[in-house]
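[1] sequence plus predicted model, see below.
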Amino acid sequence: MTRIIAVVMAIVWLAACTPEVGSKAWCEHMDKKPKGEWTADEAGSYAKHCVFGNTID
């Protein structure tokens, strides 16, 4: 049981470290991530926010 709680807490902690979708930091993170690992949602958000210039400051 303790191991499960530790895993859940690690996932929550790691999820909190990712930049907000559409921010400049997120665009930079996606630039470094291999394109083959992108999801369809990430690709759409990248196009919307990073290519067309609608970044969230």
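    All right, it came through fine.
[2] measure the residue lying closest to residue 45 once chain neighbours are set aside to residue 1 for me?
    Leaving aside its sequence neighbours, residue 45 sits nearest to residue 21 (C-beta to C-beta, 6 or more residues apart in numbering; 5.2 Å). No exception for glycine: its C-beta is placed from N, CA and C like everyone else's. The span separating residue 21 from residue 1 equals 33 Å under the rule C-beta to C-beta, to the nearest Å.
[3] same deal with residue 20?
    Separation of residue 20 from residue 1 (C-beta to C-beta) stands at 33 Å.
[4] neighbour-wise, which of those two wins?
    Neighbours of residue 20 and residue 1, each counted by other C-beta atoms under 10 Å, are more numerous for residue 20; the result is 9 against 5.
[5] in the one helix or strand residue 8 maps to, what counts as buried?
    Using DSSP states H and E, the element containing residue 8 is helix 2-16. Residues of helix 2-16 classed as buried by neighbour count (16 or more other C-beta atoms under 10 Å): none.
[6] OK, contacts around residue 44?
    Neighbouring residues of residue 44 by C-beta atoms under 8 Å, 6 or more residues apart in numbering: there are none.
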